[in-house]
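Engineer: what would the 3D arrangement of this be:
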Amino acid sequence: MVVSDMPEEILYANLDDLLAKLKKLVERSEECRIKVNKDNIKLKVRTKRKLYTAVLTSEKAGVPKEALADKAKELASSAGCKNIVEIQ
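Structural biologist: Predicted coordinates for the structure are as follows:
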């Protein structure tokens, strides 16, 4: 089994589109990670073979920067993530 080191970015038009894509990935995921950066939040989904990353900004999420981490957690749990880990 080969595990890719480079993450694949999840491209999305809106939050509903992102949620639909996350639900498909979460079915076969091992864990979901939320990485908090200064300007954005990265929602990472790890499957056996690949790491997928969605970049959430306050503009795309429609929430202020302070509420971005909560929005990412809400999206992850709505998608069905069983194991959500917040990383720095």
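Engineer: average pLDDT for stretch 37-56?
Structural biologist: The average pLDDT for stretch 37-56 rounds to 92.
Engineer: heads up, I number from 36, so please use that
Structural biologist: Noted, 36 is the first residue going forward, which turns the last one into stretch 72-91.
Engineer: going by neighbour count, list what's buried in that stretch.
Structural biologist: 75-82, 85-91 (16 or more other Cβ atoms under 10 Å). Placement of C-beta: from N, CA and C, glycine included.
Engineer: how far away from the center of its chain is it?
Structural biologist: Computed by Cα atoms, centre = their mean, to the nearest Å, the chain-centroid distance of stretch 72-91 equals 5 Å.
Engineer: need the residues that contact it.
Structural biologist: Applying Cβ atoms under 8 Å, 6 or more residues apart in numbering, the external contacts of stretch 72-91 come out as 36-39, 41-45, 47, 53, 56-57, 60-61, 63-70, 92, 100, 103-104, 106-107, 110-111, 116.
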